[in-house]
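Engineer: Predicted coordinates and the sequence they were generated for:
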Amino acid sequence: MTRPVPFSQRRYFPAVLGLGSFAAFVIAVEFLVYADILNRFIIPPPSDVIGAFPRVIMEEHVLARFTQTALEALAASVLVTIFGVAGGVLLYQFTLLRRATETWVAAIAAAPLVLMYPLYLVIFGRNATTIVMMGFTAGLAPIILKTLEGLSGTRRVLINVGRSFNLTRSQQFWKILFPAALPTIFVGMRLGLIFALINIVGVEYLINFGGLGQLINELAERYDLAGTYAAICFVILVSIIVFALTERLERWLRPAG
Amino acid sequence: MTVVAMPSGRMPGAATAEPILTVDNIVKQFETPDGVLTAVDNVSLSVRPGEFFGVIGPSGCGKSTLFNIIGGLLDGYDGTVRVAGETVDGPHPSIGMIFQEESTFPWRSVIDNVAFPLEIAGLPKSERYDRARHFVSLVGLDGFERRFPAELSGGMRQRVSMARTLAAQPKIMLMDEPFAALDEQTRLLLGDKVLQIQQELKQTTLLITHNITEAVQLSDRIMVMTYRPGKVKRIVEIDLPRPRTSEIVSSEAFGRYVAQIWSDLREEATRGLVEDESRKLRGGAGAPP
Amino acid sequence: MAETGRLSAPSLAPSWVREHPVTALRIFIIVTVLLAWEGLARSGWLYRDVVPSLVAIGHALYETLADPTFYVHLYATFYEIAIGMAIGGVAGLAVGILIGGSKLMQRAYEPFLYYLGPCPKIIFFPVMIMWFGVGPGSKIAMGAISCFFPVALNVAGGMREIDKVLIRVGRSFRANTWQMVTKIYMPAMRHPIINGLRLGLGVCLIGTLLAETKLSNRGIGFLVIQAYTLFNMPQMYSLLIVLFVIAIGANALIGRLGGLDSIRRS
C-alpha cells in the first residue's frame, strides 16, 4: 500500500496535464506571434491580452455591465421558472392537452428561437426588455419538458403509497408528485438559466445593447484587438463560473440518493 | 486421473486422451484500496476432450477471474494456461466464450450476430451465412434469423450468444454463468439444449456457475472452489447416465451429488457471507472488478 | 386516465371529435391562435404591422417562395451550414473518440469541453471575422465551432457507455483494432452519435444564421435583418416561418432516422 505511486497515476495528474497543455498552448501562441509566424494583427500575443484585462475592467465599466447582464439573466430565469414549471404541471394534469401539444413543445425546444431577435427588436424596441424576453423565450420550452419529465417519472409505488393513505388530489400533488419531481425540475431550472444566459449575452452582442455582449461588440468595432480577446475571455470566465456554481447548487439542493 | 467407472454415453476413450485444456498454478492478485486481494490462488485443472467440466463456487471466489484468464482477456497473472499444449497469450482461436451478461449486439439481427465471428475471420459472405444458419438452427431459433435481439426473450438472446460462439467452431467452449440472468424454468430447459448440443458436437465445455443443480445436471466433473482466495476445494466426478435431461433433477443419485457439493459449498458460502457483511460494515470495497 | 375526461368534448359533439380528441384539440388550439392573431392584427391596438394580418403573411410567404433570389440566399446558408457541420462534426467525432477512449484524456481535457460547451458561441464572431474575413468563411467557422461541442461531448459520453461485455465479445473473437472500431464501437455508439449530430445541427444553424444577421450580404440571416431594416414585417414573419420549418424538419428527420433504428434494433 505504501509503495510510491507513479506520477502519471496520482490523483491530480489529469488536472495538471489539462491545465499544463493549456498553458503550453498559450505560450506556444505567444512564441509564434513573436516569431511572426502568426499575424499579430489577427492574433494578439497572449501577454497583450492578459495586459488588456485591467484596462478593460477599469475603463469599460465591466462591473456595471456584468451587473446588467446578471440582472437580465435573473429576470429571464425567474420568468422561465414561473411559466415553465406552471406549463409543465398543466400538461401533466391534463393528459389530453399533453398528448396534443407535447411534441409541439419539444419541437419549439429544438427550434432556433434566438433568430426571432429582430422581431423582438421591433416589438419591444432596442432595450433590456427585448433581451429579457429573448432569454425567456429560449428557456421556456426546455423547463416545461423537464418539469413534465420529472412529474411523469414519479415512481408508481410512491403514487400508490399516496393513494393508500387516501390523499386528496392536491395533497397527492404537493406531498408526493411535486417533491418527487423536484430534482428534475432543478435540472430544468438550471438548463433554463443557462439557455437564458447564452441568449442574453448573444443578443446583447448582436443588437449592441446592454452588458457584457455589447462590450465585445464595441471593442471589436474599435479594432481593439487585445481588448476584444480579453473581453471574450472574460465572458467565457463568467459563463464557466455561473455554470459551475449552478451545478454545485443543483447538487446541493438535490436530495441524497 | 484414473477413472474406473465410465459414465455411460460418453465418448469412449475420452478419459485416456491428452487433456485439451490445462491450467497450471494460476495466481491472480488485484490491488484494491484495502490492499492486495488474491482472487485466484494456485488453481490447477485439466479438461479432457469432449468433457463437460463444471466449476462451482460461492460469489466472490474468483470464478469469473479464472474465466477471463482462460479466455485470454485478463493478463498479469502467474501460472500458465495451455490449449492442446500451446500456451495461451491473449484470446485464443480454439477458445470460445459465452458471457454471463446479455452480450448480443443490439444492432445486428440474429443471423448477423451469429455470423459475427465469421465476418471477423474474413469468410466470404455466402459461406458465413450458410454456417450461421446452421448454428441458428442448432440452438433452435429457426425462423428468427431476421429478428433483432430486442424482439427476443432473455433465453432466446442467450441462445443467440451460444450460436455465435459455436459458429466460430472453438475446440473449447467457456461459459460464465450463462443462465444467471434467466428464470428457473428457462434455465432448466436451456440446460437441456446445452447438453444436447454438447453431446451432438462432442464440444469440450467448461461451465462456471454458482448453481449446484445446473452444475450437477450438466457436468462430467465438477470443481468446487473456496471463497476468497479462490482455491480448488475438491473435484467431484458426476457418475450419472447420459444422455441426461432436466428430468434427472428428481432422481435420487442426483440428490446425493447435490447434497455432497452443497455441504462443501455451504462452509464457503457462509464464510463469504460473513466476510462480505463485515466488509460492508467497515465501509470497504466489495469484490474486485 | 381520469383527467382525460376533463377536456374532452361534450357528448353533443360529433362522434369524430369523441373518437379523435387529440386531433380535435390540436385543430381547436391552432384555429383559436390564428383567430386571436387575426383579431389582434385588425384591432389596431398594437403598433402598425407588428402583428400583420394572416393574409399579409401568407402573401409574403408566397412572394418569398416564388422569388428566385430567395433560393440563392437559401443555397448560401445551406452551403455554409453543410461545410460547418462537416468540419465541426468530424472534429467532434475525432475528439470525442479520443477523449472517451481513455480515462486520462477524459479527466485532463473533458472539463474544457464541458465548461466551454454552454458558453455563448456568437461572441467568437468578431474573432472569426478577423481570421476568416467577412464572407462565408466566418459563418462556416461559427457553424463548425457551435456544432463541435455537442458532437464531441455526446461521442465521449457514448464511448464510456458502451456495454463493456460487447468489447469483451469482440476481443474474444480476436477482432483487430479497425474491426473493433467499425464493428463494435461505432454501431454501439450510434445513438449518442445521432443525438450529437442532431443537437449539433441545431446549434450550427443558430451559429451560422446569427452570424449572417450580424454581418453579411447573403443568406437567410441577411434576408431577415434586411426585412428588419426595411421594416417589412410580413416578410420577416414569412422568413422566420420558413426557417423554423426547415430547422424543426431537419431535427425531426435526424431524430426519426435515429428513432427508427432504436425501435427495430435497440
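Structural biologist: Great, that's in hand.
Engineer: Residue 20 - how many residues pack around it?
Structural biologist: Defaulting to chain A. For A:G20, the tally of surrounding residues (other C-beta atoms under 10 Å in any protein chain shown) stands at 12. For the C-beta atoms, the positions are set from N, CA and C on the backbone; glycine is no exception.
Engineer: wait, chain B
Structural biologist: B:I20: 19 surrounding residues under other C-beta under 10 Å.
Engineer: Compute the distance between it and C:R107, please.
Structural biologist: Relative to C:R107, B:I20 is positioned 44 Å away (C-beta to C-beta, to the nearest Å).
Engineer: just A:V49 next, same as before
Structural biologist: Look at A:V49 and C:R107: by C-beta to C-beta, they are 28 Å apart.
Engineer: which of those two has more neighbours?
Structural biologist: Set A:V49 next to C:R107 and count neighbours by other C-beta under 10 Å: A:V49 wins out with 23 against 17.
Engineer: A:N217 versus the more buried one, what's the distance?
Structural biologist: Applying C-beta to C-beta, the value for A:V49 to A:N217 is 18 Å.
Engineer: Repeat that for B:G57.
Structural biologist: Taking C-beta to C-beta, one finds B:G57 at 70 Å from A:N217.
Engineer: between these two, who's got more neighbours?
Structural biologist: Using other C-beta under 10 Å, the more surrounded residue of B:G57 and A:N217 is B:G57, with 27 against 21.
Engineer: In contact with A:P46, which residues are there?
Structural biologist: A:P46 sits next to A:V26, A:I27, A:V29, A:E30, A:V33 when contact means C-beta atoms under 8 Å, 6 or more residues apart in numbering or on different chains.
Engineer: ok, now with 7 Å
Structural biologist: Applying C-beta atoms under 7 Å, 6 or more residues apart in numbering or on different chains, we find A:P46 in contact with A:V26, A:V29, A:E30.
Engineer: need the residues of the stretch 51-200 of chain B near chain C, please.
Structural biologist: B:71, B:73, B:91, B:93, B:97, B:99, B:101, B:103, B:105-107, B:116-117, B:120, B:148, B:150, B:168 (C-beta under 7 Å from any C-beta of the partner chain).
Engineer: Which PyMOL command selects the buried ones in these?
Structural biologist: To isolate the buried members of those in PyMOL, using 16 or more other C-beta atoms under 10 Å in any protein chain shown:
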select buried, chain B and resi 71+73+91+97+99+101+103+105+106+107+116+117+120+148+168
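Engineer: For chain C, give me the ranges with low pLDDT.
Structural biologist: For chain C, applying pLDDT under 70 flags the ranges C:1-13, C:47-48, C:258-266.
Engineer: same question, the stretch 51-200 of chain B
Structural biologist: B:60.
Engineer: what do you get for the stretch 151-257 of chain A?
Structural biologist: Scanning the stretch 151-257 of chain A for pLDDT under 70 picks out the ranges A:254-257.
Engineer: out of the contacts of A:P46, which one sits closest to B:V139?
Structural biologist: Set against B:V139, the nearest of the contacts of A:P46 by C-beta to C-beta is A:V26 (60.1 Å).
Engineer: residues touching the closest one, list them.
Structural biologist: Counted by C-beta under 7 Å, 6+ apart, A:V26 has contacts A:P46.
Engineer: what's the answer for A:A230, then?
Structural biologist: The neighbours of A:A230, taking C-beta under 7 Å, 6+ apart as the test, are A:V49, A:A52, A:F53, A:V56.
Engineer: Nearest spatial neighbour of it, chain-adjacent residues omitted?
Structural biologist: A:A52 (4.1 Å; C-beta to C-beta, 6 or more residues apart in numbering or on different chains).
Engineer: Is it correct that that neighbour falls within a helix?
Structural biologist: Yes. According to DSSP: H, G, I helix; E, B strand; the rest coil, the state of A:A52 is that of a helix.
Engineer: That one and A:G227 touch, don't they?
Structural biologist: Yes. Shown here, A:A52 and A:G227 form a contact pair, counting by C-beta atoms under 7 Å, at 5.0 Å.
Engineer: okay, those two: which has more neighbours?
Structural biologist: When neighbours are counted by other C-beta under 10 Å, A:A52 and A:G227 differ, and A:G227 comes out ahead with 24 against 21.
Engineer: so what are the domain limits for chain B?
Structural biologist: B:28-65+B:180-284, B:102-169 (automatic domain parsing).
Engineer: out of these, deepest packed?
Structural biologist: Sort these by mean neighbour count, taking mean count of other C-beta atoms under 10 Å in any protein chain shown, and domain B:102-169 sits at the top with a mean of 20.
Engineer: how much space between the residue most central in space within chain C and chain B?
Structural biologist: Central residue of chain C (C-alpha atoms, centre = their mean): C:G202, 2.3 Å from the mean position. Per C-beta to the nearest C-beta, to the nearest Å, C:G202 is found 25 Å from chain B.
Engineer: show me what contacts that residue?
Structural biologist: A:A110, A:P112, C:A247, C:N251.
Engineer: Could you verify that it is part of a helix?
Structural biologist: Yes. Counting by three-state DSSP, C:G202 is found in a helix.
Engineer: do you know how far it is from C:K121?
Structural biologist: 12 Å.
Engineer: Mind listing residues that contact the helix or strand harbouring B:S64?
Structural biologist: Using DSSP states H and E, B:S64 sits in helix B:63-70. With contact meaning C-beta under 7 Å, 6+ apart, helix B:63-70 is reached by B:23, B:26, B:28, B:39-40, B:43, B:55, B:57, B:74, B:77, B:81, B:95, B:174, B:176, B:208, B:225, B:230.
Engineer: got the domain boundaries for chain C?
Structural biologist: Taken from automatic domain parsing, chain C resolves into C:11-42, C:72-265.
Engineer: Deepest-packed of the ones you listed, please.
Structural biologist: Taking mean count of other C-beta under 10 Å, domain C:72-265 is the most buried of the domains of chain C, at a mean of 20.
Engineer: what sits against the residue nearest to B:I172 when sequence neighbours are not counted?
Structural biologist: Of all residues not flanking B:I172 in the chain, B:T204 sits nearest, at 4.7 Å (C-beta to C-beta, 6+ apart). Counting by C-beta under 7 Å, 6+ apart, B:T204 makes contact with B:I20, B:V47, B:P49, B:G50, B:E51, B:K171, B:I172, B:M173.
Engineer: hmm, 8 Å instead?
Structural biologist: Contact partners of B:T204, counting by C-beta under 8 Å, 6+ apart, are B:I20, B:L21, B:V47, B:R48, B:P49, B:G50, B:E51, B:F53, B:K171, B:I172, B:M173.
Engineer: Export the residues you listed as a markdown table, with columns for secondary structure.
Structural biologist: Below are those laid out as a markdown table (three-state DSSP):
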| residue | secondary structure |
| --- | --- |
| B:I20 | coil |
| B:L21 | strand |
| B:V47 | strand |
| B:R48 | coil |
| B:P49 | coil |
| B:G50 | coil |
| B:E51 | coil |
| B:F53 | strand |
| B:K171 | coil |
| B:I172 | strand |
| B:M173 | strand |
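Engineer: so which of those comes closest to A:E247?
Structural biologist: Nearest to A:E247, judged by C-beta to C-beta, of those is B:M173 at 48.6 Å.
Engineer: Would you confirm that the closest one contacts B:I98?
Structural biologist: Yes. With contacts counted by C-beta atoms under 8 Å, B:M173 reaches B:I98, the gap being 6.8 Å.
Engineer: Report the set of residues contacting both of those two.
Structural biologist: B:T165.
Engineer: The residue lying closest to A:I43 once chain neighbours are set aside and chain C, how far apart?
Structural biologist: Nearest residue to A:I43, sequence neighbours excluded (C-beta to C-beta, 6+ apart): A:V33, at 6.1 Å. Going from A:V33 to chain C by C-beta to the nearest C-beta gives 14 Å.
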